[in-house]
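Q: My questions are about this predicted structure, shown below with the sequence.
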Amino acid sequence: MTDAPKEIGLAPARPWYFDVAILLAAAPFIFSAVRVWLYAGGDTAVFLTLVRTLDLPTVLVGTLAVLAQGALLLFFTMVFLDWRVRDIFRTWLQRPWSSSLTAVVLIVFVITGNVMFWAGLASLAALIGLYFLVKHIPGGKRLTKWVVPPRGERSDTSVVVVSVAITLLMLPTNMWLPLEQVTLANKSTEQSYVLQVSSEWTTTLTKDRKIRTYPTTDVVDRETCRSAVNGTLGAVLFQVPIDADAPKCS
């Protein structure tokens with residue numbers, strides 16, 4: 001007698017949150033790489049110098065801070081656009097501790113958020129207001145159903161469009177290091193980003209993306225430039241002072 005053929009079963013599908021976890025773990029590195037590439041402005045020499053002198057923890061933390069704000073904006077946009085996300089969020093808020101945690105997170109983000117985050121919140125509020133306005137215009141219900149489909153219908157198109165738009169708007173393209181005023185032994189000064197300092201050489205990048213290398217012994221002073229305005233709502237509310245003694249770099 002021959003043995004009965006064994007059934008070959010399919011491998012169990014990975015849970016959806018496994019892929020989300022991988023994406024969240026890779027996102028800071030992907031966006032940091034894009035940020036370096038964008039800041040180089042297509043200049044190969046500048047790009048290679050930035051990569052060679054890159055302070056990975058600094059660029060990761062700086063990029064992650066902005067991405068966290070963008071992720072929060074994206075989540076609340078999904079709550080507005082997709083009934084499935086709305087149901088999940090409504091269930092989450094039914095627990096007292098989770099609603100309290102959500103309130104704390106919102107307060108922290110609003111206080112520490114930068115101008116782009118405030119603009120994003122204002123844009124989302126304007127989008128919701130426009131939605132209800134168009135909904136009451138003759139023929140507007142058809143458009144609003146495409147933007148926010150009723151329960152039971154998929155809203156993938158509008159979700160993808162809005163997600164890409166928010167990602168592009170929140171993607172940081174500025175420098176991740178502070179601008180400094182560097183004073184040299186010959187009394188000349190320059191406003192630049194200090195990329196790397198060794199016992200022999202100091203490498204800087206000017207605001208117009210010119211790479212400069214000086215003997216470290218020629219650099220006699222470095223001062224971090226102060227911002228013209230406080231950049232967060234928290235700084236304004238609690239009146240965090242601007243260092244008047246630091247040089248104001250424009």
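A: That came through, no problem.
Q: what's the neighbour count on residue 200?
A: By other C-beta atoms under 10 Å, 9 other residues sit near residue 200. Where you see a C-beta, it was placed from the backbone N, CA and C, and this is true even at glycine.
Q: Make sure it is actually in contact with residue 213.
A: No - contact between residue 200 and residue 213 fails when scored by C-beta atoms under 8 Å: they sit 10.0 Å apart.
Q: quick one: the strands in this structure?
A: 180-184, 189-197, 201-206, 211-215, 219-224 (DSSP state E).
Q: between the ones you listed, which one is nearest to residue 136?
A: strand 189-197 (51.7 Å; C-beta to C-beta).
Q: how distant is that closest one from the center of its chain?
A: On the basis of C-alpha atoms, centre = their mean, to the nearest Å, strand 189-197 sits 25 Å off its chain's mean C-alpha point.
Q: likewise stretch 180-193?
A: 31 Å.
Q: buried set for it?
A: 180, 181, 182, 183, 184, 191, 192, 193 (16 or more other C-beta atoms under 10 Å).
Q: okay if I get those as CSV plus pLDDT?
A: Below are these laid out as CSV (pLDDT from 0 to 100):
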residue, pLDDT
180, 89
181, 89
182, 90
183, 90
184, 91
191, 88
192, 90
193, 90
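Q: Out of those residues, flag the one nearest to residue 134.
A: The closest of these, once distances to residue 134 are taken by C-beta to C-beta, is residue 193, at 45.8 Å.
Q: about what we covered before: possible to save the strands of the chain as TSV with distance to residue 79?
A: Shown next, in TSV, are the strands of the chain (distance: least, C-beta to C-beta, whole Å):
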stretch	distance to residue 79
strand 180-184	42
strand 189-197	38
strand 201-206	41
strand 211-215	45
strand 219-224	39
